[in-house]
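Asker: structure, please.
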Amino acid sequence: MKFIGEHLWVGVTGKIMVCFALVTAIIAFLSFLFYFILSSKNKKTFIQTGKYALLFHFIFIIAAVVILLIALYSGFYEYAYVWSHTASDLSAGYRLSALWAGKEGSLLLWIFLQSLFSVIFLFGYGEKSFKPMMFILPIQIFLVLLVCDFSFLGIHFGESPFLLLRELPANVGSKIFANPDYLSLIGEGRGLNPLLRNFWMLIHPPVIFAGYAASLIPWAIAMSELIFGDDKFSFDTSRRFSLIALFFLSMGICFGGAWAYVALSFGGFWVWDPIENASLMPL
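Answerer: Numbers count the residues shown, from 1 in each chain. The predicted model follows:
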């Protein structure tokens with residue numbers, strides 16, 4: 001059946017970008033792994049491959065984020081994520097915040113920030129970063145899998161932000177989607193939760209996720225030193241990224257407290273459970 005008004009290119013392109021991001025992350029990981037375990041004379045080839053793969057991974061993630069933003073700002077309500085978190089009465093700022101209003105979009109934001117810090121780390125520290133990258137990339141691969149939406153051996157993995165409403169398991173067999181012009185019946189998205197329609201929604205979540213992403217770097221350095229006895233990094237290097245993570249996580253907690261004070265009417269600052277409680281762990 002051909003459905004009227006669907007912008008299928010958004011979902012197809014978005015899913016392709018996520019798949020390419022997964023493939024390039026795997027290639028980058030294998031390249032750094034082979035660099036250390038193989039005795040090939042062409043080790044530089046593995047490093048160059050790993051660097052380019054990570055860079056392309058970053059580009060594909062940016063593309064996926066941009067495509068989702070296009071869907072959110074254009075009001076393509078045929079997509080479940082767009083319908084769940086936007087509506088025509090939302091301002092431009094709240095349409096941006098809809099990117100991280102749901103689980104799938106939040107994961108995509110996290111992946112983007114983590115890949116950004118990874119690229120900075122790899123190209124900024126060169127050979128020193130090669131062993132830590134073998135700990136960073138598996139985490140990145142796992143997060144990308146969470147937004148891939150695929151099944152393997154009867155087990156379903158992840159949820160894609162590019163799923164159509166009619167593709168959701170809960171909507172399979174629904175009579176409304178038997179109508180080729182079902183979009184005219186939907187008409188409008190559900191919009192943001194009223195508690196999320198707040199200034200701090202624009203700042204607090206991305207700051208917290210930036211802290212999570214930055215904290216991965218000192219963890220990877222520590223794991224590299226613990227397992228490989230890698231002493232190429234000084235304490236100052238690890239501390240630099242730890243302070244970046246500390247800054248973002250601390251500011252995120254403060255912003256979350258201000259948000260709770262304004263929006264939730266608790267009469268005081270409050271640490272939002274469980275996200276902000278989890279953000280205390282790296283501190």
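Asker: doesn't residue 88 fall inside a helix?
Answerer: No. Going by DSSP: H, G, I helix; E, B strand; the rest coil, the assignment for residue 88 is coil, not a helix.
Asker: how close does it sit to residue 82?
Answerer: 11 Å (CB to CB, to the nearest Å). Every residue, glycine included, has its C-beta placed from N, CA and C.
Asker: common neighbours of the two, please.
Answerer: 75, 189 (CB atoms under 8 Å, 6 or more residues apart in numbering).
Asker: same drill for these two, tell me which one is more crowded.
Answerer: residue 82 (28 against 10; other CB atoms under 10 Å).
Asker: you'd agree that one is up against residue 70?
Answerer: No. Shown here, residue 82 and residue 70 do not form a contact pair, counting by CB atoms under 8 Å, at 10.0 Å.
Asker: quick one, what contacts the residue nearest to residue 146 when sequence neighbours are not counted?
Answerer: Distances taken as CB to CB, 6 or more residues apart in numbering place residue 158 nearest to residue 146, at 4.5 Å, with adjacent residues excluded. Taking CB under 8 Å, 6+ apart, we find residue 158 in contact with 145, 146, 147, 148, 149, 150.
Asker: residue 185 is in contact with residue 179, correct?
Answerer: Yes. Using CB under 8 Å, residue 179 is in contact with residue 185, at 6.6 Å.
Asker: neighbour count winner among these two?
Answerer: Between residue 179 and residue 185, counted using other CB under 10 Å, residue 179 has the larger neighbour count: 13 against 9.
Asker: any idea how far that one is from residue 123?
Answerer: 52 Å.
Asker: what about the strands in this protein?
Answerer: Using DSSP state E, the strands of the chain run over residues 150-152, 155-157.
Asker: so which of those comes closest to residue 13?
Answerer: strand 150-152 (17.1 Å; CB to CB).
Asker: distance of residue 14 from residue 176?
Answerer: Taking CB to CB, one finds residue 14 at 24 Å from residue 176.
Asker: out of these two, which sits in the busier spot?
Answerer: For residue 14 versus residue 176, the count of surrounding residues by other CB under 10 Å is larger for residue 14: 26 against 11.
Asker: the more buried one and residue 164 touch, don't they?
Answerer: No. Residue 14 is not in contact with residue 164 according to CB under 8 Å; the separation is 11.3 Å.
Asker: how about residue 105: what's its closest non-neighbour residue?
Answerer: residue 99 (4.8 Å).
Asker: now do the contacts for the one you found.
Answerer: 65, 68, 69, 72, 105, 108, 109.
Asker: got the contact list for the second one?
Answerer: The contact partners of residue 68, taken as CB under 8 Å, 6+ apart, are 14, 81, 99, 105, 108, 161, 162.
Asker: top of the residues you listed by number of neighbours, please.
Answerer: In those, the most neighbours by other CB under 10 Å go to residue 161, 30 neighbours.
Asker: for it, give its distance to residue 228.
Answerer: 37 Å.
Asker: ditto for residue 248
Answerer: 28 Å.
Asker: comparing the two, which residue is more hemmed in?
Answerer: residue 248 (23 against 13).
Asker: wait, that one touches residue 207, no?
Answerer: Yes. Assessed by CB under 8 Å, residue 248 is found in contact with residue 207 at 5.4 Å.
Asker: between the strands of the chain, which one is nearest to residue 203?
Answerer: Judging the strands of the chain by CB to CB, what sits closest to residue 203 is strand 155-157, at 31.5 Å.
Asker: number of residues surrounding the residue nearest to residue 112 when sequence neighbours are not counted?
Answerer: Nearest non-adjacent residue to residue 112, counting by CB to CB, 6+ apart: residue 61, 5.0 Å away. Neighbour count of residue 61, defined by other CB under 10 Å: 27.
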